[in-house]
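Undergrad: Take this sequence and fold it.
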Amino acid sequence: MKPIIITCLLSLVFFQVAKSQDTLYKPRVYNSIIKQYGVKPVKGYLATIRDSSLYITQSEVYLNFDTANLSYFQKFDYKSLVSVKLYNRSKRGRTFLICILTGVVAGALIGYSGGNDTGWFALTAGGKAVVGGIIGAGAGSIVGAIIAADNEKKFLINGEWESLRDMKEGLQKNR
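TA: The predicted structure is shown next:
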């Protein structure tokens, strides 16, 4: 029993140290939809945010607050911004897929565990597993859509410098 407790305590200490190290920082790619006053929304990848402007590009880049050469990016002044919506397309798809697969497996296991039926409208355990999997896939897709929509971040700028600054600070904290 003692070796198990010691192993658990050492693992806990290790994971706390590993979690707090800066070397584990993984840069993020943000798909963005920029809404401006009187102009069609612009889609792209968020490249960087400066004091009074936001920069996006059409090629996939990591969000970087230290970008030196800004001439390749499309600039948006804070006065023209209404809102900025950020999302990660691959994370959205993964979340949706995991929820569907979880629903299929859970539904199939529940259906199969019911065993074979007898009577007029009898189903075998395999038939119940198929029906349970289909129902589970539907429920999983609904849950996946809700969770995936929750992963999006929307920032209301409304031409205010303070709102852009708050957005930048929030994204820097979440690195």
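Undergrad: partner residues bridging residue 46?
TA: residue 56 (DSSP bridges).
Undergrad: Could you measure from it over to residue 101?
TA: Distance from residue 46 to residue 101, counting by Cβ to Cβ, to the nearest Å: 30 Å. Yep, even glycine has a C-beta here, placed from its N, CA and C like the rest.
Undergrad: and these two? which has more neighbours close in?
TA: residue 46 (23 against 14; other Cβ atoms under 10 Å).
Undergrad: Quick check, that one in contact with residue 33.
TA: No - look at residue 46 against residue 33 with Cβ atoms under 8 Å: they stay out of range, at 10.2 Å.
Undergrad: Overlap in contacts, these two.
TA: residue 84 (Cβ atoms under 8 Å, 6 or more residues apart in numbering).
Undergrad: Break this protein down into its domains, please.
TA: What automatic domain parsing lists as the domains of the chain is 28-87+153-173, 90-150.
Undergrad: now do the same end-to-end measure for stretch 107-119.
TA: 23 Å (Cα to Cα, to the nearest Å).
Undergrad: need the contact list for residue 106.
TA: Taking Cβ under 8 Å, 6+ apart, we find residue 106 in contact with 136, 140.
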